[in-house]
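> Requesting a structural model of the entry that follows:
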Amino acid sequence: MTTDVGGQLKTVRVMYGLSQRELAKRAGVTNGTISLIEQNRVSPSISSLKKVLEGIPMSLAEFFTLDMHASPQVFYSHEELADIGDGEVSLRLVAAKRPNRAMTIMHERYRPGADTGTDMLSHKGEEGGIVLSGKVELSVGGQTRVLGPGDAYYFTSAVPHRFHNLGPEPCEIISACTPPTF
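Residues are numbered from 1 along each chain as shown. So this is what the prediction gives:
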């Protein structure tokens, strides 16, 4: 089976929302080079194709093993969110089984009195979120604030932090973290 390199390059380029001109600029080649490859009028060397793919960015292995007919799951029902919490804190993870996931998105629910533990959390990356309902006390480094519905946060995750629901009702948060820590 021969791979249609030109067709695959065009599909990948479009999938990433890039014009021929933008990909050429990113890869440091001419527009004509991209056009000729996509039309299968030239067969690029491995090093030339690697240079073009660096503009996406995508490795040669990813390019040649990408299943263009398989669509990754896009939508998730409530039941499909993996709960990785401990019972007091529900952490419902979006796309838990998606390979090469670049971020963590969670629907967090803290019961009254629940927290992320007495030890402060610390990990690589950044995280942010929006409180949907209830109130949560968030401590980040030496700062502490009680956040309510509509309030948000964003911080470097390497700074020690802790979430604690001090209120009488559950607290719900939608959060994101990159790189994924769960």
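> measure stretch 92-99 end to end?
Distance across stretch 92-99, first residue to last, is 17 Å (CA to CA, to the nearest Å).
> which intervals of the chain have sub-threshold pLDDT?
The chain contains residues with pLDDT under 70 at 1-2, 67-70.
> mind listing the helices for it?
Here the chain has its helices, by DSSP state H, at 5-15, 20-27, 31-38, 46-54, 60-65.
> Pull out the buried positions in the longest one.
Meaning helix 5-15. For helix 5-15, burial by neighbour count (16 or more other CB atoms under 10 Å) applies to 5-6, 8-10, 12-13. The way it works is simple: take the backbone N, C-alpha and C, and place the C-beta from them, glycine included.
> Report the separation between the closest residue to residue 90 other than its chain neighbours and residue 77.
Of all residues not flanking residue 90 in the chain, residue 109 sits nearest, at 4.0 Å (CB to CB, 6 or more residues apart in numbering). Distance of residue 109 to residue 77, computed by CB to CB, to the nearest Å: 17 Å.
> related to what we said a few turns ago, make a markdown table from the helices of the chain and add distance to residue 123 to it.
Shown next, in a markdown table, are these (distance: least, CB to CB, whole Å):
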| stretch | distance to residue 123 |
| --- | --- |
| helix 5-15 | 31 |
| helix 20-27 | 31 |
| helix 31-38 | 39 |
| helix 46-54 | 29 |
| helix 60-65 | 26 |
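> Select, out of those helices, the one closest to residue 151.
Proximity to residue 151 (CB to CB) singles out helix 5-15 among these, at 36.2 Å.
> so the closest one versus helix 20-27, what angle?
Orientation of helix 5-15 against helix 20-27 (axes from the mean of the first three to the mean of the last three CA atoms, to 10 degrees) gives an angle of 90 degrees.
> that older thread, so the residue nearest to residue 90 is in contact with residue 86, correct?
No - the pair residue 109 / residue 86 is not scored as a contact, 11.6 Å apart, by CB atoms under 8 Å.
> Looking at these two, which is more packed in?
The residue with more neighbours, out of residue 109 and residue 86, is residue 109; 21 against 11, by other CB atoms under 10 Å.
> ok, now which ones touch that one?
Residue 109 makes contact with 85, 89-90, 92, 170-173, according to CB atoms under 8 Å, 6 or more residues apart in numbering.
> No further questions, thank you.
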